[in-house]
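[1] fold the following.
(one chain, ligands or ions: 1)
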Amino acid sequence: MPDMTGKTDLHKETSVTPESSVTPRQTLRISELTFRWDRAQPGIRYPDVTLNSGEHLFLRGPSGSGKSTLLSLMGGLIVPDSGRLELLGTDLAGLTSGQRDRFRADHMGVIFQQFNLVPYLSTLDNVTLPCRLSPKRRARALSSPEAEAKSLLTALGIPQNHWHRRVTTLSVGQQQRVAAARALTGAPELILADEPTSALDSDNRDRFIELLLGLAAEKHSSVVFVSHDKSLAQRFNHQLALEVTP
Ligand SMILES: Nc1ncnc2c1ncn2[C@@H]1O[C@H](COP(=O)(O)OP(=O)(O)OP(=O)(O)O)[C@@H](O)[C@H]1O
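    You can find the predicted model right below:
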């Protein structure tokens, strides 16, 4: 069982046994990270976190505690005021904004509340998009981006007669699974999921998380999953509980 207080549990993976000469590959490492949106507000100070390849992290905390801000920092959309955030050993703050865009396309899949699917594209074209934007993702896809997209859509239960339809004709729950397929395609090292289950009932939510974590494990992708719902925490290797800065 994970430690329900979160913070101590996050450090357990750093305790590699002395005999071990192999350090697991680190997907994410955060140390002494702070960020402030504007000078009138107190800064947000984040606990240190290390996430190894294939591990998943549940990120929770009350509204305004900085969960979405942390995902934006991980996604390289904003850069920290101080401290370090390394992804796959790269300090994102040391990259130009164009390099961060490329890094995101090559190494990250994102599932947001609004799914951010391209409304005028078909279901299949939405899922193959990351491989069209990133040669690295394309190289990691199964035999072809289309074959991988079909395999993921099948695993996620999207009927074949929906694959060539405009994605906006699918139900909300189906669009959410298409967003998950798109995030997983080309086996990115990190998947960022921001409240992706907020619109689902508890059965569909549980099934979605099971599928997401199962498919991520197959692809050795790490997952950072944000939710208000504490009851989901036990499914994840690690959890981080944020608090609102006074
Ligand atoms: N674009 C922005 N400009 C200015 N301040 C912002 C911006 N986004 C977030 N903030 C502020 O940063 C703090 C953390 O917000 P954030 O959205 O990261 O919290 P959250 O934990 O994701 O909240 P919620 O659960 O409500 O989505 C809040 O005080 C918020 O007002």
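[2] strands along the protein, start to end?
    With strands called from DSSP state E, the chain shows them at 26-35, 44-45, 49-52, 56-60, 82-87, 90-91, 108-111, 190-194, 222-226, 238-241.
[3] output the ones you listed as JSON lines; include the columns mean pLDDT.
    Putting these into JSON lines (pLDDT from 0 to 100) gives the following:
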{"stretch": "strand 26-35", "mean pLDDT": "94"}
{"stretch": "strand 44-45", "mean pLDDT": "94"}
{"stretch": "strand 49-52", "mean pLDDT": "94"}
{"stretch": "strand 56-60", "mean pLDDT": "95"}
{"stretch": "strand 82-87", "mean pLDDT": "94"}
{"stretch": "strand 90-91", "mean pLDDT": "94"}
{"stretch": "strand 108-111", "mean pLDDT": "94"}
{"stretch": "strand 190-194", "mean pLDDT": "94"}
{"stretch": "strand 222-226", "mean pLDDT": "96"}
{"stretch": "strand 238-241", "mean pLDDT": "92"}
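[4] of all those, which lies closest to A180?
    For A180, the closest of the strands of the chain is strand 108-111, at 5.6 Å, according to C-beta to C-beta. Placement of C-beta: from N, CA and C, glycine included.
[5] for the closest one, packing partners?
    Where contact means 3 or more C-beta pairs under 8 Å, 6 or more residues apart in numbering; DSSP states H and E, strand 108-111 is packed against helix 172-184, strand 190-194.
[6] format these as TSV; extra columns: mean neighbour count.
    Formatted as TSV, those follow (neighbours: other C-beta atoms under 10 Å):
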stretch	mean neighbour count
helix 172-184	23
strand 190-194	24
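[7] picking up where we left off before, now distance to the ligand too, for the strands of the chain, in JSON lines please.
    Putting these into JSON lines (distance: least, C-beta to the nearest ligand atom, whole Å) gives the following:
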{"stretch": "strand 26-35", "distance to the ligand": "8"}
{"stretch": "strand 44-45", "distance to the ligand": "6"}
{"stretch": "strand 49-52", "distance to the ligand": "15"}
{"stretch": "strand 56-60", "distance to the ligand": "9"}
{"stretch": "strand 82-87", "distance to the ligand": "15"}
{"stretch": "strand 90-91", "distance to the ligand": "21"}
{"stretch": "strand 108-111", "distance to the ligand": "15"}
{"stretch": "strand 190-194", "distance to the ligand": "8"}
{"stretch": "strand 222-226", "distance to the ligand": "7"}
{"stretch": "strand 238-241", "distance to the ligand": "11"}
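[8] quick one, what contacts the most centrally placed residue in the chain?
    Centroid-nearest residue in the chain, with C-alpha atoms, centre = their mean: L192, separated by 1.6 Å. Listed by C-beta atoms under 8 Å, 6 or more residues apart in numbering, the contact set of L192 reads L71, M74, G75, M108, G109, V110, I111, V224.
[9] what does the chain put close to the ligand?
    Within the chain, the residues that sit near the ligand (C-beta under 6 Å from any ligand atom) are W37, D38, G61, S63, G64, S65, G66, K67, S68, T69.
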